[in-house]
Structures are given as C-alpha cells and as structure tokens.
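1. Pasting the sequence and the predicted coordinates here, then a few questions.
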Amino acid sequence: MPMKRLGCLQRICAGGMINDMERKNRVKNAGIINIFFLGLVSFFTDISTEMVYPLIPLYLVSAFGATPVLVGVIEGIAESLASLLKVFSGYATDRSQKKKAIAFSGYAAGLFYKLALLFAGSWVGILAARCIDRIGKGIRTAPRDVLVSESADKDGMGRAFGLHKAMDMLGTALGILITYFILRSLGGADGFDYKRLFAISIIPAVLGLLMFVFVRQNNKPRETKKREPFWKNVKKIDGQLKLYLLVVFIFTLGNSSNVFILLKAKAAGFDDVNVILLYFIYSIIASLLVLPFGRLSDKIGRKNLLVPGYISFALCYLGFAFADSLAPMVAVFVLYGIYTAMITGVERAFVAEISPPELKGTMLGLHSTIAGIALLPASVIAGGLWTAFGAQVPFLFGAGMSLVATAILVVFMKNMRTISGGDNTGLHGKAGQYV
C-alpha cells in the first residue's frame, strides 16, 4: 500500500510539473503571437511611411527649392517635437495602463500625415505634415515598447525587440522597394506626381490600424498607489541608465537625419531613383540582421554589442564623408544597415531591463525623448556645416561624436547579461545582471 501511495504521489507531481510546463508554454506562445501582431502593425505602417519618407527631401528640393539647411530644420523640428512627447506618452502609459489605446492613437496619426501631404502647397505644409507624423510616433513608441516587453520572456528581451524591429524594418524595406519600382516604371522622378504616391501610401496605413484588433495587453490588476510626477522619481533610476541616457544624447548630436545620407548619395552621382534603391539596400540588410543581433545581445550582453555598433557608425560616417563614387557609396550603405541592426533593438532592450517596473514606459519614452532633443541641433548643425564647409564636414563631425560616446560607454558602463532559467533575476526583478 505505501508503494502504491508513493507511486500515486509521483504521478500527481509529474502531472503537476507537466501542467506547469504546458501553462508556461501557452503563455510564451501567446506572447510571441502578440509580438508578431505588434510587428504587423509596424510592418504595414512602415510600408506606408517609407513609401513617402525617402521622397520628402527630393520633393522639397524639386518642388519648393529647399536648401540643405531648410531640409535639416524641417526634419529636426519634426523629430524633436515628436520625441518631446515620448516621455509624456510613456508616463501616461504607466499611469493609465491603456497601452493599446495610446499606441493606436499614435499610429492613427500616420493616416492624417498622408492626408496632410496631399494638401501641402509649400515647405511649411510639408513641415506641418512631418510634425503630425512625428507626433504620432512620439505618442505610440513608449506604449508599444511596453507591450513588447510585457509579451517577452525574461531571458529573451533582446530576441523580442529584435523580432518586432525585424518586422518593422522589413516593412521599411518593402515600402522603399514599392516606391523604387513605381518611379522606375515611370522613367524617373522628373515630372513625377508625388501626390499620387502619397495617396497610395494610405492603403497600408489603414491595414496597420486593422492589426490592432488582434493585439492584446496585460490587464493584470496592479497595486493602486499614489503616483508622483516622473521627475520626482529620478532617484529610482539606475545610475547606469542615467549614464547611458547621457551617452545617447552625445551620440545623437552627431547622428543627424537620414535625409543627409540620401542627399550625399545624390551628390556622389546617384539619380533620384537609385538613391531610393540605396536606401532599400540599407533597410533590407538591417531588417535581416536585427533579430540575430538581438539574440546575440541576450547571450553576450548589451554593451558588448553597443560598443561595436557605435564604432560601426563612426566608420559609416567616415565613409559617407569620403565616398565620391558609386561603389564605395553602396558599401557604406551596406555597413550602415549592419550598424542599425546592431543597436536598434538592443538599445530598447537595455533600457527596458534596467528601468524600475513602475517607470518602464516613462524610461522608454525618456530614452526616445533625449535622442529627439539632440536630433534638432544635430540636423541643424549638419545642415549648417554642409552649407558652410561642404558635404564632408557634417559626417566627420558625426563620426567624432560617435567615438566620444563610445569612449564613455567603454570606460564607465557596466555590461548587462541575461541569465536564463531559475530565479536568477537582476535589477528590479529583471532576468539579468551586470558583469
């Protein structure tokens, strides 16, 4: 009888372990599916956005006679205005927990952006349209990133952000490719009806919004407590996160808008249509590599990928500075895609891991806000240097700022490495530790 009872207990325990494993697998699979649908939202939205984005500087120059300084000012104002909203969007996400609704409203702004482009009759109208688009991005980024992080395994944060970013950038590449083939079929950008393409880009924007039907958010009840303004919670922010935000600011001062690399490619001898093809090469390489790099960062630590990523950026900008023919420019665009894949998902995974749980949305928003604040002077500086000293100088400045940021990262930043399994959790209960 005792042996029978022992066998029964063993079967019960084994059954309980299997049920627990099945439950964990169901939760994991549900998280992956949620990240996939969030990725589809970004996929369709980026098809829409990137059908338009590489044409904006060309449209400004050909239709309104804009100079590099004016292009830089327009992009800088739009990006900075958007980024100022990201921290407040993140704070609103932490307060209300209506992550899906806030993200949806931000993505919906992309639809109004295309409509504004259709009715723009001057560079001021283009500026207003760009501001609408970037305001939408400022609203949606933090709640979307929180949705991704909450759907991820504790030991797979880099993989989760890598998967989302891979789908995001695949949409980017496809949008650019669509525009390339449309322009190529019409014989080039000269005399092209830009507004017809702006109208077509509305279709994938609508499809992206429809994907929200399948997105789920974590509605677990939370402990209710009085919330203070985020600036009163600065002491809760990890010192390494504060340092990294400083690194981001310094780095972004030299990382001006991508419109300047498009203008540099045109100056090197590419026509408008082939400039768009170059941008496609950059985007498809980034989309293919971002997920493997995210997984790699889970294994070796975020810093061990961020450092070579920043060094790669410096090499890219040195290449943009001195490339004056077709083959070298293609090679630099390839390297630029590799750099983007190395740091894009990894940066957000790092911030998500070392942020206090109750301030995760705020910190993800603050990361984007700091980058955006630096982007306005970065783009204005780049445009001014280009106009005053030539096309090489803004890229040399960017390479120098990247190396300064890299030095701070190497000397002062600790590494964050993910630990798989068990109860080994790092700062703020996240599955990681500093090494």
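-> Here it is on my side, so go on.
2. From now on I want contacts and neighbour counts done on CA atoms only, so please keep to that.
-> Noted.
3. Extract the CA atoms of stretch 327-338 and return them as CSV.
-> Output in CSV follows, covering the C-alpha atoms of stretch 327-338 (Å, rounded to 0.1, in the frame of the first residue of the first chain):
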residue,chain,number,x,y,z
ALA,A,327,30.8,51.5,-55.5
PRO,A,328,32.1,53.0,-52.2
MET,A,329,28.7,54.6,-51.5
VAL,A,330,27.0,51.2,-51.9
ALA,A,331,29.5,49.6,-49.5
VAL,A,332,28.8,52.4,-46.9
PHE,A,333,25.1,51.9,-47.2
VAL,A,334,25.6,48.2,-46.5
LEU,A,335,27.6,48.9,-43.4
TYR,A,336,25.0,51.4,-42.3
GLY,A,337,22.4,48.7,-42.4
ILE,A,338,24.6,46.5,-40.2
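4. for it, what is the average pLDDT?
-> Here stretch 327-338 scores 93 as its mean pLDDT.
5. Give me the contact list for it.
-> 265, 268, 278-279, 281-286, 289, 312-313, 316, 319-320, 323 (CA atoms under 8 Å, 6 or more residues apart in numbering).
6. likewise stretch 246-262?
-> 54, 57, 68, 71-72, 75-76, 275, 279, 320, 367, 370-371, 373-375, 377-379, 382, 394-395, 397-402, 404-406, 408-409.
7. Got a PyMOL select line for the buried ones in those?
-> Selection of the buried residues among the contacts of stretch 246-262 in PyMOL, burial being defined by 16 or more other CA atoms under 10 Å:
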select buried, resi 54+57+68+71+72+75+76+275+279+320+367+370+371+373+374+375+377+378+379+382+394+395+397+398+399+400+401+402+405+406+408+409
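8. what bits of this structure have low per-residue confidence?
-> Counting by pLDDT under 70, the low-confidence segments of the chain come to 1-29, 82-97, 153-158, 187-192, 219-238, 357-358, 360-361, 414-435.
9. How much space separates the most centrally placed residue in it from residue 143?
-> The centre of the chain sits closest to residue 344, judged by CA atoms, centre = their mean, with a distance of 5.7 Å. Going from residue 344 to residue 143 by CA to CA, to the nearest Å gives 17 Å.
10. next one: residue 193
-> 36 Å.
11. Neighbour count: these two, which is higher?
-> For the pair residue 193 and residue 143, the greater number of neighbours falls to residue 143 (32 against 10), based on other CA atoms under 10 Å.
12. Correct me if wrong: the more buried one contacts residue 104.
-> No - the pair residue 143 / residue 104 is not scored as a contact, 9.4 Å apart, by CA atoms under 8 Å.
13. mind checking which helix or strand residue 118 is in?
-> Using DSSP states H and E, the element containing residue 118 is helix 99-119.
14. Next, the buried residues of that helix.
-> For helix 99-119, by 16+ other CA under 10 Å, it's 99-100, 102-104, 106-118.
15. which strands and helices sit next to that helix?
-> Applying 3 or more CA pairs under 8 Å, 6 or more residues apart in numbering; DSSP states H and E, one finds that helix 99-119 contacts helix 2-52, helix 68-96, helix 123-150, helix 194-200, helix 202-210.
16. burial count for residue 30?
-> 15.
17. what's near enough to touch the residue nearest to it when sequence neighbours are not counted?
-> Residue nearest to residue 30 in three dimensions, not counting chain neighbours: residue 151, with 7.8 Å by CA to CA, 6 or more residues apart in numbering. Residue 151 makes contact with 28, 30-32, 34-35, according to CA under 8 Å, 6+ apart.
18. Return the member of these nearest to residue 126.
-> residue 35 (32.9 Å; CA to CA).
19. Just give me the neighbour total for the closest one.
-> As a burial measure, residue 35 scores 26 neighbours (other CA under 10 Å).
20. Is it in contact with residue 160, as I believe?
-> Yes - assessed by CA under 8 Å, residue 35 is found in contact with residue 160 at 7.2 Å.
21. tell me, what's touching those two both at once?
-> With CA under 8 Å, 6+ apart as the test, residue 35 and residue 160 both reach 148, 152.
22. coming back round to it: what residues are shared contacts of residue 143 and residue 104?
-> With CA under 8 Å, 6+ apart as the test, residue 143 and residue 104 reach no residue in common.
23. What helix or strand is residue 321 located in?
-> Counting by DSSP H and E, residue 321 is part of helix 303-322.
24. Just the buried positions in that helix, please.
-> 303-307, 309-322.
25. between the helix or strand following that helix and helix 303-322, how many degrees?
-> Sequence-wise, the next helix or strand downstream of helix 303-322 (DSSP H and E) is helix 326-354. Our comparison of helix 326-354 with helix 303-322, counting by axes from the mean of the first three to the mean of the last three CA atoms, to 10 degrees, yields an angle of 150 degrees.
26. Would you mind listing the buried residues in helix 326-354?
-> So, applying 16+ other CA under 10 Å, buried residues of helix 326-354: 329-354.
27. Could you do stretch 41-48 as well?
-> By neighbour count on 16+ other CA under 10 Å, the buried set for stretch 41-48 is 41-48.
28. mind putting those residues in a markdown table, distance to residue 133 included?
-> Formatted as a markdown table, the buried residues of stretch 41-48 follow (distance: CA to CA, whole Å):
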| residue | distance to residue 133 |
| --- | --- |
| 41 | 15 |
| 42 | 14 |
| 43 | 16 |
| 44 | 15 |
| 45 | 11 |
| 46 | 12 |
| 47 | 14 |
| 48 | 11 |
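29. just curious, which of these is nearest to residue 213?
-> Of all the buried residues of stretch 41-48, residue 213 sits closest to residue 41, with 10.1 Å by CA to CA.
30. wouldn't the closest one be in contact with residue 211 here?
-> Yes - with contacts counted by CA under 8 Å, residue 41 reaches residue 211, the gap being 5.6 Å.
31. pretty sure residue 209 is touching residue 41, no?
-> Yes - assessed by CA under 8 Å, residue 209 is found in contact with residue 41 at 6.5 Å.
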